[in-house]
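**Q** Could you work out the structure for the sequence below:
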Amino acid sequence: SSDLVIFMKKNFFGKKTVVLLIFAIFFAISCGGKHPAVKNFEKEMSILQSGDIEKMPNVKSNEEFKKLNEDTFETLKNGYKKITYKVNKVETDKNTAKINVTMKSPDLTNLVQDALQKIMSTSPNEMVGKSQEELNKIGEKIMVDLIKEKLSSSNAKYREKTFDVIYKKDGSEWTIDPTANSEFFDMTTFGMLSGK
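**A** Numbers count the residues shown, from 1 in each chain. Below is the predicted model:
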């Protein structure tokens, strides 16, 4: 089971996969009306909340996402559907838009620790003779089952935070800044990667 624990700590069915999924969703969409960055943010959040993210070209063509099995993908989509938000105010200058939002999302911050405990309590006989690929699948199933359990529980926990989402202008397009939005990415990955 030690190999599986190492896998869970290092891989977590692809930490990069979850973050890349959010990045792929937040591509630039130029829209009229209110400030383009706000319009993009609202449209992208609508896609996220709908759970129809696999329809987006950036998701369908990304190799990292193709590695997610259907059960994992569907489970994450159900979490996205539970995210709610409200735009409080917007501050803009020539090349930056700061969108202040209050967001509520499922709280899965202790998921990795819970999964590790479950793995450690698994009978060693169930792990003996398993290949690394089989161990990885066991780990992924444990994670998916825990996410399902936490999201469907009548006592499901949520976190609510107010923070700024930063967009940058790239040519004529407004895109989310991948280096300045740690709180946003923490909330849209349900705290699974922070462990806090």
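**Q** Check the burial of Ser123 by counting its neighbours.
**A** If you count neighbours by other C-beta atoms under 10 Å, Ser123 ends up with 8. All C-beta atoms are positioned from the backbone trio N, CA, C, and that covers glycine.
**Q** where does it fall, phi/psi-wise?
**A** Main-chain dihedrals, Ser123, degrees, to the nearest 10: phi -60, psi 130.
**Q** repeat for the one 4 residues further on
**A** Note on Met127: backbone dihedrals following degrees, to the nearest 10 are phi -100, psi -20.
**Q** can I assume Trp174 is in contact with Ala97?
**A** Yes - taking contacts as C-beta atoms under 8 Å, Trp174 lies within contact range of Ala97: 6.4 Å.
**Q** how about the strands in the chain?
**A** 84-92, 96-106, 158-170, 173-176 (DSSP state E).
**Q** Out of these, which gets the lowest mean score?
**A** Note on the strands of the chain: lowest mean pLDDT is at strand 173-176, with a mean of 89.
**Q** Show me what the longest helix along the chain is packed against.
**A** Ranked by number of residues, the top helix in the chain under DSSP state H is helix 132-152. Secondary-structure packing of helix 132-152 (3 or more C-beta pairs under 8 Å, 6 or more residues apart in numbering; DSSP states H and E): helix 2-10, helix 70-80, helix 111-120.
**Q** Those: which one's closest to Phe190?
**A** Across the helices and strands packed on helix 132-152, Phe190 has its closest neighbour in helix 70-80 (5.7 Å, C-beta to C-beta).
**Q** For that closest one, list the C-alpha coordinates in CSV.
**A** The C-alpha coordinates for helix 70-80 follow below in CSV (Å, rounded to 0.1, in the frame of the first residue of the first chain):
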residue,chain,number,x,y,z
GLU,A,70,-15.4,9.0,-17.2
ASP,A,71,-16.4,8.5,-13.5
THR,A,72,-13.7,11.0,-12.4
PHE,A,73,-14.8,13.5,-15.0
GLU,A,74,-18.5,13.2,-14.1
THR,A,75,-17.8,13.5,-10.4
LEU,A,76,-15.8,16.7,-10.9
LYS,A,77,-18.5,18.1,-13.1
ASN,A,78,-21.1,17.6,-10.3
GLY,A,79,-18.9,19.6,-8.0
TYR,A,80,-18.7,22.5,-10.5
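**Q** What is the distance between it and the centre of its chain?
**A** 10 Å (C-alpha atoms, centre = their mean, to the nearest Å).
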